[in-house]
Each structure stands twice: as C-alpha cells, then as structure tokens.
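S.K.: Following is a predicted model, sequence given first.
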Amino acid sequence: MSKLTDASRIQIFWTATTIAVAVSLIQGAITTLVEICESEGLWTVRFSLGRREHFWWTAIAVALVASLGCMVLSFIAGNSNDSFGIILLASASSLAVFRYAWPAWRNRHYCSNRWAAWTGPSRTGIDATLVPLIEGNDPWPILSKDVPIIKQHPVEIRLPIFKSNLIADDPTDILKVKKRLINSESEKQPDEKSKTPIKLLNRVPDDKTGLYAPIHAGKSGSLLWGSHNGFSPRVSRAVLAVPQRLLQSSPLTSSGHNGQPVCLAHGILGRNKGLEPHTFILSLNPFRLEEKCVQWPRPSKVLRTYYREEMNAAYGGLGATFVTAATELALLLADSSHSLIEDWLSLRMEHQDHALNNQLARLGASDEELKVLYRLSYAAMLVSLSAHRKGRKWRPEMKLFTAYWKKCGGEMPTWIGTAVVAERIGREESGAGDTDLDALIEAVLYEIDTPHSV
C-alpha cells in the first residue's frame, strides 16, 4: 500500500465518495417514489415495485460496501483523514444490509403473492344496459379498439416503461364509452336501424366473454375479467378501503400481529365477491376444517379473534357468513407456504369456476341451480385452499353442490348424471389425493338446514 502514489490515493478516495453520493441519490429517488405512490394511491406501481425491492436494496448495499472498501483502502494507503468517512460508510452499509436488504429478501415471496392476490382476475357487476354489448367469442379486443383514451383511476396507473398489447382500461369504462358512442351515432343518423335498441336474447355466454350464466334481458350480468381475456393486470380498486398499515411490505394488524395473510385475503376478497355476496352459503365447523386440511396443525388458529376483528371492520355490512369466510381464508393463508399460495392463485382457484358455470348452463342447469353454485363459491374456495397441493387444478364445486343438494333433500338435477359432470366429479376426487375431501365439505356444510330454493 505504501507504493501507492498520492494521485492513486486521491483517486481511490474520490471513487469511494462518488459511489457513496450516487447511492445516496438513487436511494433517495427510490424512497421518494415509494412515498409518492403510497400517498397518491398509485398502488399498481407500488406493488409492482415491491416485487423488486430485494434487488434494488441489494444493489444499494453492495455499492455501499464497495464504497466502504475503497475508503478503507485509501485509509490504509495513508489518507488518515478518511477515518470519519469510514465510520459513516460502515454505519450506512450495516443499515442497508440489515435494515433493508435482508428484510426485503425475506419478504420477496410475500410481495410476489401480494401482487398476484391484488392483480388477479376480477369479478365485476355489469349494468343491464351494457350486458348486450358483450357478445361474440372474443369481444374485448374489438370493444376496446375504437374507444378513445380513458382517464385512469390512480390505483390503475402503471409506469409507461414497456409497451403492452393488453387492454389497460376497466371493462365497465369501456362499455360505458362504447354505449355513449352508439347513442351518439344514433342521434347523428336517426334512421330506423339506428333507432332500434340493442336487444339481448336469453343466452349462454361464450367462454371468452367472461360472463357468468345466466344472462337475461334487463338484468345485470357478472363478468370475470383479467389477463386471461386480454386485460392488463392492475391492483383492484378495493385497495382504497384497506388501511395503509396493511399495505406496507411488512404489514401489521390493528392488534400488532403479522398482517401479511390479512392483506392477501383483502386482495382476494376485493376481486371475487360477485353480485350477491350477502347470500353466500357457509356453515363452518372450524375445528373439523382445521383437523382435515393440508395445513394441519394450523398454528395460526390462535389469531382467529384478532383476524375476525379486522374482517368484521371491513366486511361487517355483508353479514356474519361473509366475515366468517374472510376470517378463515386469512387463517388458511397464514398457515400456507408461499409456494402453495402462489400455485393456488396462479390457477385462479379463488374464483368460481367460470368454464364450469358456462358448461352447466349449456347442459340445461336452471337459474336456481346456477345460483346455488354461486352461493357455494366461498365454501368451495375454503375447501379448495384446505385441500390444495401444487399442481391440483380442480375446485371441488360439483362435489360441494351434490353434498349440499342431498342435505337439503332435493331431487338431483338430470344433468348431474351426464358423462361430462361425472368426469368433472372424478377429477375433483382424484385431484384431492390423500386429502379427505368429503370431511372438508362436511366441515363447511356443518349445520345446513335451509331449503335449496333461492
């Protein structure tokens, strides 16, 4: 080191200083961007950045360590005035590694699942006047093509770094603009054809429309939309109702407990409710469910009271059944591994099976029967997560439907005996592996004593 010239020592010193200053500027810019996103409600941007937090904090920590190394080298070479700088850089490096980089790496799987929980497919009610516009095998690229630019809600804004061919607008906004364009054209060309209103015949929807059956003239529809039918992922607007303490990278409940499962549950519940969430069917025996689920022995069950308080504050207006389902979902998520949650969400298991709904409508299922399937969808969600292992692709909706129908003493619909339905039930049973699916179903239908009519 004594062989270093004065010029070399000065060069090392300024290299260390330059790295430290550059890192400070970058860290300040990132921190400011995060704070702006959280204060302005830019949650799609914030959650997207969250998936990469561990990378940027690691880069900052490595740069600070490199700067510290240069400063130490300069000190050893004879720059005795660098001692104070070494102390500062050592403190900054330790802070970056142990306060930011390490926790970010520990939370990386959670942040990835948070993105999936909040940006997955959404189920949205569509006004009766707009439902007729959704027709054809793949209508959304056509519907969105000629629609002028729509001002986005802050929650949905994305960083315009990469160009995407996916549809960025909300489907309800697209339909409203399309309806106005049609009405405007009708006023400009008041001939008989343009005066004729759009009529909707009762029909079974095509799978790619995203509509759930039944569809009837003059009645609202229920639409499942997301990247699977051409829409760009974005955080659900339901995030606006969630306390900001639950939206941090290390969230906490009001009682001070780990809030990660509660945040994931809010993201799921904000997207999959459907038109009548207050009518869901669930009669839960939590102890039986705990004993038979793959997450057994369920250590997080001791948090039931605290999680129920969170869910009651958010969903109390939807009734006790919904609060019970929301609480159990959060507890199941708390006891599930990150990889299991990732797989479960990637298969859209939190949603009522859209393809099955359309298929049963084509087989002749009545409106009453289809509504029972919808009302059982949260019970099916809980059973699905309780029985899920990586690779299982079938929600036990038909098993649950037949068990409920038998409990209510009704005669089985004729379509239950078709080969298609028998094959579906067989897949649900085989997909459960060694899990006692019947016991889990019994646990969510524990005291069903209401008639099956709806």
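M.R.: Now that the structure is in, tell me what you want to look at. Numbering: from 1, shown residues only.

S.K.: Would you mark the buried spots in stretch 298-317?
M.R.: By neighbour count on 16 or more other C-beta atoms under 10 Å, the buried set for stretch 298-317 is 298, 300, 301, 303, 306, 307, 308, 310, 311, 312, 314, 315. Any C-beta I mention is one placed from the backbone N, CA and C, and that applies to glycine too.

S.K.: from the residues you listed, which ones fall inside strands?
M.R.: Taking DSSP state E, every one of the buried residues of stretch 298-317 sits outside strands.

S.K.: Out of these, list just those in helices.
M.R.: Among these, the residues falling in helices (DSSP state H) are 306, 307, 308, 310, 311, 312, 314, 315.

S.K.: What are the contacting residues of the helix or strand encompassing residue 45?
M.R.: Taking DSSP states H and E as the definition, residue 45 sits inside helix 43-50. Contact with helix 43-50 is made by 33-34, 37-38, 111, 114-115, 118-119, 155-159, 233-235, 239, 247, 249, as judged by C-beta atoms under 8 Å, 6 or more residues apart in numbering.

S.K.: CA atoms only for that helix, dumped as PDB, please.
M.R.: The C-alpha trace of helix 43-50 is given here as PDB (Å, rounded to 0.1, in the frame of the first residue of the first chain):
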ATOM      1  CA  TRP A  43     -50.900   1.000  -5.800                       C
ATOM      2  CA  THR A  44     -50.300  -0.800  -9.100                       C
ATOM      3  CA  VAL A  45     -47.000   1.000  -9.400                       C
ATOM      4  CA  ARG A  46     -46.200   0.400  -5.700                       C
ATOM      5  CA  PHE A  47     -47.000  -3.300  -5.600                       C
ATOM      6  CA  SER A  48     -45.100  -3.800  -8.900                       C
ATOM      7  CA  LEU A  49     -42.000  -2.100  -7.300                       C
ATOM      8  CA  GLY A  50     -42.500  -4.200  -4.200                       C
END
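
S.K.: chain center to it: distance?
M.R.: Here helix 43-50 is found 13 Å from its chain centre; the criterion is C-alpha atoms, centre = their mean, to the nearest Å.

S.K.: Just name whatever secondary elements whichever helix or strand comes after that helix is in contact with.
M.R.: Using DSSP H and E, the helix or strand that follows helix 43-50 towards the C-terminus is helix 53-76. Where contact means 3 or more C-beta pairs under 8 Å, 6 or more residues apart in numbering; DSSP states H and E, helix 53-76 is packed against helix 6-40, helix 83-95, helix 102-106, helix 108-119.

S.K.: Report the angle between helix 53-76 and helix 43-50.
M.R.: If you take axes from the mean of the first three to the mean of the last three C-alpha atoms, to 10 degrees, helix 53-76 sits at 50 degrees to helix 43-50.

S.K.: Give the rounded mean pLDDT of helix 53-76.
M.R.: Confidence for helix 53-76, expressed as mean pLDDT, is 75.

S.K.: now swap in stretch 431-450 and tell me
M.R.: For stretch 431-450, the mean pLDDT works out to 87.

S.K.: which is the next helix or strand following the strand or helix carrying residue 361?
M.R.: If you go by DSSP H and E, residue 361 is part of helix 354-363. Counting by DSSP H and E, the next helix or strand C-terminal to helix 354-363 is helix 367-375.

S.K.: Any quick PyMOL command for the buried ones out of the contacts of helix 43-50?
M.R.: A single PyMOL command selects the buried members of those (16+ other C-beta under 10 Å):
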select buried, resi 34+37+111+114+115+118+119+155+156+157+158+233+234+235+239+247+249
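
S.K.: which stretches of the stretch 1-150 of the chain have low pLDDT?
M.R.: 1-6, 9, 13, 68, 71, 73-98 (pLDDT under 70).

S.K.: 90 instead?
M.R.: For the stretch 1-150 of the chain, applying pLDDT under 90 flags the ranges 1-32, 52-104, 135-139, 141-150.

S.K.: returning to what we had before: ranking the helices and strands packed on helix 53-76 by burial, who's on top?
M.R.: With neighbours taken as mean count of other C-beta atoms under 10 Å, these reach their highest mean count in helix 108-119, at a mean of 21.

S.K.: Mind listing the strands the helix or strand immediately after that helix in the chain pairs with, and their directions?
M.R.: Sequence order places strand 122-126 as the next helix or strand after helix 108-119, per DSSP H and E. When pairing is defined by DSSP bridges, strand 122-126 lines up against strand 221-225 (antiparallel).

S.K.: got the CA coordinates for the helix or strand just after the partner strand in CSV?
M.R.: Remark: after strand 221-225, the chain's next helix or strand is helix 260-269, criterion DSSP H and E. C-alpha atoms of helix 260-269 as CSV (Å, rounded to 0.1, in the frame of the first residue of the first chain):
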residue,chain,number,x,y,z
GLN,A,260,-49.5,-10.4,5.6
PRO,A,261,-52.3,-13.0,5.4
VAL,A,262,-54.9,-10.3,6.1
CYS,A,263,-53.6,-8.2,3.2
LEU,A,264,-53.6,-11.2,0.8
ALA,A,265,-57.1,-12.1,1.9
HIS,A,266,-58.3,-8.5,1.3
GLY,A,267,-56.8,-8.6,-2.2
ILE,A,268,-58.7,-11.9,-3.0
LEU,A,269,-62.0,-10.8,-1.4
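
S.K.: one step back: so how far is the helix holding residue 361 off the chain centroid?
M.R.: 24 Å.

S.K.: Give the buried residues for it.
M.R.: For helix 354-363, burial by neighbour count (16+ other C-beta under 10 Å) applies to 354, 356, 357, 358, 359, 360, 361.

S.K.: Same list (those residues) but as a markdown table, adding pLDDT and distance to residue 62.
M.R.: Listed next are the buried residues of helix 354-363 as a markdown table, based on pLDDT from 0 to 100; distance: C-beta to C-beta, whole Å:
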| residue | pLDDT | distance to residue 62 |
| --- | --- | --- |
| 354 | 95 | 46 |
| 356 | 95 | 50 |
| 357 | 95 | 51 |
| 358 | 93 | 52 |
| 359 | 94 | 53 |
| 360 | 95 | 56 |
| 361 | 94 | 57 |
